[in-house]
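*Asks:* Structure, please.
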Amino acid sequence: MSMFCFQCEQTAGGKACTVNGVCGKKENTANLQDKMTGKLVALAKLVLEKGADKRSDELMIDGLFTGITNVSFDDGRIAALEREFDAYIASRAEGKRYAELDLGTIWNGPDEDVRSLKSLLLFGMRGMAAYAHHAAALGKTDRSVNDFFYKGMAALDKNLSVPELLDLNMEFGGVNLKCMELLDAANTGTYGTPEPTTVTTNVAPGPFIVVSGHDLHDLAELLEQVKGTGVSVYTHGEMLPCHAYPELKKHPELKGNFGTAWQNQQKEFDNVPGAFLFTTNCLMPVKASYADRVFTTSVVAYPELVHIPSVNGKKDFGPVIKKALELGGFKQEMKMTGINGGSTLTCGFGHGTVLSVADKVIDAVKAGAIKHFFLVGGCDGAKPGRNYYTDFVRQSPKDTVILTLACGKFRFNDLDLGTIGGLPRIMDMGQCNDAYSAIRVALALADAFKCGVNELPLTLVLSWYEQKAVCILLTLLSLGIKNIYLGPTLPAFVSSNVLKVLVEKWNVTPISTPEADLKKILG
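*Replies:* Numbers count the residues shown, from 1 in each chain. The predicted structure is shown next:
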């Protein structure tokens, strides 16, 4: 075994990648990321003794973020980040040695339940680090969120019992709720409250840039820099919800959404005459037919691609714009569709929008027009079985509403399911971190109906792929939300005993078929 990684849904054989990563990550990259994580444990131990500062927070967050699936494939950049950890620790250690963690002691540990719960915690913190990173880019931080990173990372090197680790995971879930709330405040405070917006999937003639990832701040900077250049900007994947923010949608250069979810990029980007900018995951191994036009920024990195650095808090996207102009774009409008043939997508149904019409929603439920709410969302992915989510939504009764978020929505967000009481049956709540919106809406409905969330006519049907899905799941469990349907397969890092706890305490249920699950839910 030359590497060990089982943090994503597509892990080899449903067990672990031990030679090369299914994601395209090579063994040396995987081992460097493990070594980097071990150094973060040493950093955590130092900070718990001597206190945190802005630089330690940045290093911890960027290090964890770099470990997320499909973020960094560049060994040189990972090694450079490790040297920054070493230099920082040395500058404050006063000669004391803070032991790094050999992650092999977790992966090869004797107790699979301890391994499972430590993995849940680590992967969840990686997901939360992405949210903390985006919030910090907009000037928002929370001391309790950042402090948990040190507590949680140090705990990975402690001899904790299964009950102690379960409690720590639930504590983390509560902290991640704070982090999602922080990012929501950063996004809406900077760019306004999302509003329902229809977005085309077609691409206009002329030069263009496609922005992928999750970072609103990067998109805003790019939109300012393309003014007057004749270059159009299109979102991709989880950047779709950006069209709903007033301070972003006001830019006429923001034209539409290109393509579908992340796992289709190698086909959808092939020989396209536009430039591509990756602000966060999910970057797949880049094909030669478009490698000369892909750019990375922030912690995203891939060998030999041009990286756009941040200098004094600013980024110069000039090389991306120059490449777009050089390529020239399509000569005529390029007709593109979603996976079901639709040519328009609608987004902007965050908690601000939904709660503004809460009275209509409540009246529709009381009148029997709306019988049930489904939150169908999460990560998309390449493995077979994800057509379940398309079929589930297609087969949902006409008196039900589909709330959705994250890139899993591309399985069905181009479907026209009609309306109920003037509201669309499919409501896109935003990016994966906008699970916070879904939680806000669920709590508000529970308050309106004077019941608990688990008594609402609401079922969560989630798809997972990477570590941000892990932190969201832990948040939902920490809130006591039950009856979650999870797929397309269960995480390899969840042991049979931990799964038993999830089933017995929270009634987490693996998906089966749309027909069987709808019958079980609705009776």
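*Asks:* Does A99 lie in a helix or a strand, and which?
*Replies:* Assigned by DSSP states H and E, A99 belongs to no helix or strand.
*Asks:* I'd say it and K45 touch.
*Replies:* Yes. Using CB atoms under 8 Å, A99 makes contact with K45 at a distance of 7.2 Å. C-beta coordinates here come from the backbone N, C-alpha and C atoms, glycine included.
*Asks:* shared neighbours of these two, anything?
*Replies:* Residues touching both A99 and K45 (CB atoms under 8 Å, 6 or more residues apart in numbering): D157.
*Asks:* of those two, who's got more company?
*Replies:* In this view A99 and K45 are compared by other CB atoms under 10 Å, and K45 has more residues nearby, 21 against 10.
*Asks:* mind checking the backbone torsions on the more buried one?
*Replies:* phi -60, psi -40 (degrees, to the nearest 10).
*Asks:* for Q266, same thing?
*Replies:* According to degrees, to the nearest 10, Q266 has phi -60, psi -30.
*Asks:* residues contacting it?
*Replies:* For Q266, the contacting residues are 284-285, 287, by CB under 8 Å, 6+ apart.
*Asks:* what sits up against the helix or strand in which L345 is found?
*Replies:* Using DSSP H and E, L345 sits in strand 344-347. Contact with strand 344-347 is made by 194, 196-201, 240-241, 243-244, 257, 338, 413-414, 424, 426, 428, 430, as judged by CB under 8 Å, 6+ apart.
*Asks:* Apply 6 Å and report the result again.
*Replies:* 197-200, 240-241, 243-244, 257, 413, 428 (CB atoms under 6 Å, 6 or more residues apart in numbering).
*Asks:* and it, average pLDDT?
*Replies:* Mean pLDDT, strand 344-347: 98.
*Asks:* average pLDDT for the helix or strand following that strand?
*Replies:* Following strand 344-347 in sequence order, the next helix or strand is helix 351-356 (DSSP H and E). Per-residue pLDDT values over helix 351-356 give a mean of 96.
*Asks:* so what secondary structure elements neighbour helix 351-356?
*Replies:* Packing partners of helix 351-356 (3 or more CB pairs under 6 Å, 6 or more residues apart in numbering; DSSP states H and E): helix 435-448.
*Asks:* ok, and what's touching the helix it packs on?
*Replies:* So helix 435-448 is in contact with 180-181, 184, 350-351, 354-355, 362, 375, 429, 452-453, 456, 472, going by CB under 6 Å, 6+ apart.
*Asks:* Check which residues of that helix are buried.
*Replies:* 435-442, 444-446 (16 or more other CB atoms under 10 Å).
*Asks:* where along the stretch 101-250 of the chain do the helices fall?
*Replies:* Under the criterion DSSP state H, counting those that start in this stretch, the stretch 101-250 of the chain contains helices at 104-107, 112-137, 143-155, 162-191, 216-225, 246-249.
*Asks:* just those: most buried one?
*Replies:* With neighbours defined as mean count of other CB atoms under 10 Å, the helices of the stretch 101-250 of the chain peak in mean count at helix 112-137, which reaches a mean of 24.
*Asks:* what comes into contact with stretch 147-162?
*Replies:* Residues from elsewhere that reach stretch 147-162, judged by CB under 6 Å, 6+ apart: 40-41, 44-45, 47-48, 60, 101, 113, 118, 121, 125, 168, 175.
*Asks:* and that stretch, how far apart are its ends?
*Replies:* Start-to-end span of stretch 147-162 (CA to CA, to the nearest Å) is 22 Å.
*Asks:* so which of the helices of the stretch 101-250 of the chain gets nearest I89?
*Replies:* If you check each of these against I89 by CB to CB, helix 143-155 wins as the nearest, at 12.9 Å.
*Asks:* Tell me where the model's unsure across this structure.
*Replies:* Judged by pLDDT under 70, the chain has its weakly predicted residues at 1.
*Asks:* try 90
*Replies:* Within the chain, the stretches with pLDDT under 90 are 1, 382-385, 421-422.
*Asks:* Can you say which of the helices of the stretch 101-250 of the chain is nearest to A324?
*Replies:* helix 216-225 (10.5 Å).
*Asks:* Next, the angle from the closest one to helix 162-191.
*Replies:* Here the directions of helix 216-225 and helix 162-191 differ by 20 degrees (axes from the mean of the first three to the mean of the last three CA atoms, to 10 degrees).
*Asks:* orientation of helix 216-225 relative to helix 112-137 in degrees?
*Replies:* Angle, helix 216-225 to helix 112-137, by the same axes, to 10 degrees: 30 degrees.
*Asks:* Identify the residues contacting H134.
*Replies:* Per CB under 6 Å, 6+ apart, neighbours of H134: 183, 215.
*Asks:* out of the contacts of helix 435-448, who's nearest E304?
*Replies:* Using CB to CB, the contacts of helix 435-448 come closest to E304 at I472, 33.7 Å.
*Asks:* T344 and R55, how far apart?
*Replies:* Going from T344 to R55 by CB to CB, to the nearest Å gives 45 Å.
*Asks:* between the two, which one's more packed in?
*Replies:* It is T344, of T344 and R55, that has more neighbours when counted by other CB under 10 Å, with 16 against 12.
*Asks:* hang on, the earlier thing: give the PyMOL command for selecting the buried subset of the contacts of Q266.
*Replies:* Only the buried members of the contacts of Q266 end up in this PyMOL selection, burial being decided by 16+ other CB under 10 Å:
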select buried, resi 284
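*Asks:* Can I get the contacts of stretch 147-162 in JSON lines including distance to L499?
*Replies:* Formatted as JSON lines, those follow (distance: CB to CB, whole Å):
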{"residue": "L40", "distance to L499": "28"}
{"residue": "V41", "distance to L499": "27"}
{"residue": "A44", "distance to L499": "28"}
{"residue": "K45", "distance to L499": "31"}
{"residue": "V47", "distance to L499": "34"}
{"residue": "L48", "distance to L499": "32"}
{"residue": "M60", "distance to L499": "30"}
{"residue": "L101", "distance to L499": "25"}
{"residue": "D113", "distance to L499": "10"}
{"residue": "K118", "distance to L499": "16"}
{"residue": "L121", "distance to L499": "16"}
{"residue": "M125", "distance to L499": "21"}
{"residue": "L168", "distance to L499": "18"}
{"residue": "V175", "distance to L499": "23"}
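*Asks:* residues touching Y290, list them.
*Replies:* Shown in contact with Y290 (CB under 6 Å, 6+ apart): F269.
*Asks:* Can you tell me how far it is from K323?
*Replies:* From Y290 over to K323 the distance is 11 Å, taken as CB to CB.
*Asks:* And for Q225?
*Replies:* Counting by CB to CB, the gap from Q225 to K323 is 13 Å.
*Asks:* hmm, back to that, closest to T297 among the contacts of stretch 147-162?
*Replies:* Among the contacts of stretch 147-162, and counting by CB to CB, the member closest to T297 is M60, at 19.9 Å.
*Asks:* tilt between whichever strand or helix holds the closest one and helix 143-155?
*Replies:* In the assignment (DSSP H and E), M60 maps to helix 54-66. Angle of helix 54-66 versus helix 143-155, following the same axes, to 10 degrees, is 60 degrees.
*Asks:* could you say what helices and strands helix 54-66 packs with?
*Replies:* Applying 3+ CB pairs under 6 Å, 6+ apart, one finds that helix 54-66 contacts helix 27-50, helix 112-137.
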